[in-house]
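Asker: Just need the structure, nothing else, for what follows:
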Amino acid sequence: MELVNKNAIVVREDRNLLVITHLSQYLDFITGFGGLIVPLVIWLTTKDSVIGMDEHGKSVINFQLSLILYLVIGIPGILLFGLGILLLIFAGILSIVMPAVNAIKASNGESPSYFGTIRFIS
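Answerer: Residues are numbered from 1 along each chain as shown. Predicted coordinates for the structure are as follows:
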C-alpha cells in the first residue's frame, strides 16, 4: 500500500524492512559492531517513507543504547561488587531474545516492545 503525505513523499508499508531493522542488531555477534549503526542508518533514511519505521527504529535504537549502558555499568560492577556479572548475563539474554521477538511482531504488523529498555529517544 502506498500513500502520499503532505510533503509529496511516497509512504509505503514494508514489513520486511521492519524485520530487517530488528534482525540487524545481530551484527554485533557476527562482526563485533554494526548492531547500533545499521539500524540507525535504516531508521534515519526510511522513517518518513515506511509506515511504522519511526516507531520501530526508535525502539531498536533505545534498546541498543540501553544495552550499551548496561555493559558500561556491569563491567565495573564485576570489579566492585561481583554482582555486575548478573547485569551482563541479563543484557546478554535480552540481546539474543528481544530482537527475534520483535522481528516476529514486526512481520505480524504489531508494535515493538523491548523489555528493559530506557527511552532515550521518544
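Asker: just checking, what packs against the longest helix seen in the chain?
Answerer: Counting by DSSP state H, the longest helix found in the chain is helix 53-80. Contact here means 3 or more CB pairs under 8 Å, 6 or more residues apart in numbering; DSSP states H and E; on that basis helix 53-80 packs against helix 15-23, helix 37-46, helix 84-107. (Each C-beta comes from the backbone N, C-alpha and C, glycine too.)
Asker: That helix: which residues count as buried?
Answerer: 53, 56-67, 70, 74, 77 (16 or more other CB atoms under 10 Å).
Asker: Ok, stretch 41-57 next?
Answerer: 42, 43, 46, 50, 51, 52, 53, 56, 57.
Asker: hmm, back to that, which of the helices and strands packed on helix 53-80 is buried the deepest?
Answerer: With neighbours defined as mean count of other CB atoms under 10 Å, these peak in mean count at helix 15-23, which reaches a mean of 20.
Asker: where does the chain dip in pLDDT?
Answerer: Counting by pLDDT under 70, the chain has low-confidence residues at 1-8.
Asker: hang on, the earlier thing: pipe the helices and strands packed on helix 53-80 into JSON lines and attach distance to residue 113 per row.
Answerer: Output for the helices and strands packed on helix 53-80, formatted as JSON lines (distance: least, CB to CB, whole Å):
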{"stretch": "helix 15-23", "distance to residue 113": "12"}
{"stretch": "helix 37-46", "distance to residue 113": "16"}
{"stretch": "helix 84-107", "distance to residue 113": "7"}
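Asker: From the chain's centroid, how far away is the longest helix of the chain?
Answerer: Distance of helix 53-80 from its chain centroid, counting by CA atoms, centre = their mean, to the nearest Å, is 10 Å.
Asker: so that helix versus helix 84-107, what angle?
Answerer: 170 degrees (axes from the mean of the first three to the mean of the last three CA atoms, to 10 degrees).
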